[in-house]
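> Build me a model:
(one chain, ligands or ions: 1)
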Amino acid sequence: MTAGFRTAWIIGASSGIGRCVAETLARDGIAVTASARSADALKALAAACPPGIITPLPLDITKPQNIAQAVAAMESDGDLPDVVVLTAAAYQPAAADDLDPELFADIVSVNYLGAVNVLSALLPKLLARGRGHIAITASVAGYRGLPLASAYGPTKAALINLCESLRPECAARGVHLQLINPGFVKTPLTDKNPFPMPCMIAPETAAQRIYQGLKSRRFEITFPKRFTWVMKTLKLLPYSMYFVVINAATGVRKRAAEKRS
Ligand SMILES: NC(=O)c1ccc[n+]([C@@H]2O[C@H](COP(=O)([O-])OP(=O)(O)OC[C@H]3O[C@@H](n4cnc5c(N)ncnc54)[C@H](OP(=O)(O)O)[C@@H]3O)[C@@H](O)[C@H]2O)c1
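Prediction:
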């Protein structure tokens, strides 16, 4: 064990990045509590790792009582985990002529309000004891609006803003709040994308980057750098230039022409 954590809680551990983060930490000797809704997938994760190192704890982050019960169970077993990593999310591309309010509500309820549920259950306890570490996964899709990301992107922008808002108070009271902003990672989430995804990395690589970042005092953990610096530069552009670049880079005009014909 090298990170200074003995215990971790990964929420969103049944697939993709969260599953790989759980495996990476577990293989380094960290006792991981693994949460998501799919109990079977969590059991399979536990079976794939050294015996007893992963404890499945199925829950739905849209249900505050699920989180409260999980936190109470951990406290009664000893203590809250040394680090909590939230990777749970929902995603669906949404075209401008297909904006489904129910889809938007679902994505807000998992991605944004789910994070609020987790933070509101944990932060008072961590702040009261003056110690703790939470990492929330947003996305570089939260830096600026992107085509087809109208349901997902705003939830990630909201998470970035939420973490920026909370970070100073948390830091002043001994709680290390971090923000994870990945670029494209090959997972079931990105398998839904109908467009080319530049600089895409494997979830195992993403998990290594996250693990390195968790060991640092940095606020933002972002990767792969060759892609995220481009996204950071786009953040700085005035709208007139931003939309020219986005139109050229995403082929949005070509897709619109295909729809018309
Ligand atoms: N992949 C990328 O390129 C990329 C890029 C930037 C940011 N991200 C972010 O990275 C994180 C992980 O994404 P991923 O690509 O690994 O996606 P993924 O493979 O689809 O995994 C999403 C995880 O969230 C869990 N989840 C969904 N709804 C839940 C709920 N209501 N309660 C509890 N758990 C729930 C899923 O498990 P169950 O279905 O079993 O509940 C699953 O474990 C997300 O926050 C995503 O937005 C991903």
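> buried stuff in stretch 118-129?
By neighbour count on 16 or more other CB atoms under 10 Å, the buried set for stretch 118-129 is 118-119, 121-123, 126-127. Using the backbone N, CA and C atoms, a C-beta is placed for each residue, glycine as well.
> For the residue in the chain that the ligand sits nearest to, grab the count of nearby residues.
Across the chain, no residue is closer to the ligand than G16, which sits at 2.2 Å (CB to the nearest ligand atom). Neighbourhood size, G16 [other CB atoms under 10 Å]: 22.
> Grab the longest helix from the chain for me.
Longest helix in the chain, counting residues (DSSP state H): helix 153-172.
> So what's the gap between it and the chain middle?
A distance of 13 Å separates the centroid of the chain from that of helix 153-172, by CA atoms, centre = their mean, to the nearest Å.
> So is that helix next to the ligand?
No: using CB under 6 Å from any ligand atom, helix 153-172 never reaches the ligand; the gap is at least 6.5 Å.
> Does anything pack onto that helix? Which helices or strands?
In terms of contacts (3 or more CB pairs under 8 Å, 6 or more residues apart in numbering; DSSP states H and E), helix 153-172 is packed against helix 113-129, strand 132-137, strand 175-182.
> could I get these as a markdown table with distance to F5?
As requested, these are exported to a markdown table (distance: least, CB to CB, whole Å):
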| stretch | distance to F5 |
| --- | --- |
| helix 113-129 | 14 |
| strand 132-137 | 8 |
| strand 175-182 | 11 |
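> would JSON lines of the ones you listed with mean pLDDT be doable?
Shown next, in JSON lines, are these (pLDDT from 0 to 100):
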{"stretch": "helix 113-129", "mean pLDDT": "97"}
{"stretch": "strand 132-137", "mean pLDDT": "98"}
{"stretch": "strand 175-182", "mean pLDDT": "98"}
